[in-house]
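Q: I would like the atomic coordinates for the input below:
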Amino acid sequence: MTTAGAKGSGTKEDPWELKTPSGSSDYQMYRDEVADPAVIVCTVGKTVLTYRLRAIEDLHAMLKERGDWVPLGSADEQKPAADGTVEAWGRSPDNPVGGWYGLKKGLRGRFGMYMPPLLEALGLAEVEHNARNNRMRAL
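A: Below you'll find the predicted structure:
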């Protein structure tokens, strides 16, 4: 799952080097396929978040189904996510996993912040890079 758009190969030893959609923060992600369930490990400074690995394929499928731009709507776990956003979908009982893609209690949010740049780097989506109110769509 390496691509020209992503710096790094997505392993623990060579993680993907990414920037938030606004470009204000750097972070790293890598696949851990040995974990149960398999996860994407996201490291932002000293904070480590985990999301289900299947989020890559599931989010891409949702974006293809919607067929248009979808607002990111990033929010912490403790805050409500705006309806119709990537963030709301990433925690909805109606998504393919029936709830949160984030797995670390207290740090399950920010799906709409950290997953979109990964999909963009993998060549699966286009993401806007404005200071705020960014959107994404499937490629």
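Q: Count residues in the vicinity of residue 139, would you?
A: For residue 139, the tally of surrounding residues (other C-beta atoms under 10 Å) stands at 13. For glycine as for every other residue, the C-beta is placed from the backbone atoms N, C-alpha and C.
Q: go on, residue 43?
A: Residue 43 has 13 neighbours, counted by other C-beta under 10 Å.
Q: Return the helix or strand hosting it as PDB; C-alpha atoms alone will do.
A: Using DSSP states H and E, the secondary-structure element containing residue 43 is strand 39-44. Listed next in PDB are the C-alpha coordinates belonging to strand 39-44 (Å, rounded to 0.1, in the frame of the first residue of the first chain):
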ATOM      1  CA  VAL A  39      -5.200  -0.800  13.000                       C
ATOM      2  CA  ILE A  40      -3.700   2.300  11.700                       C
ATOM      3  CA  VAL A  41      -1.500   3.800  14.400                       C
ATOM      4  CA  CYS A  42      -1.500   7.700  14.300                       C
ATOM      5  CA  THR A  43       1.100   9.600  16.300                       C
ATOM      6  CA  VAL A  44       0.600  13.300  16.800                       C
END
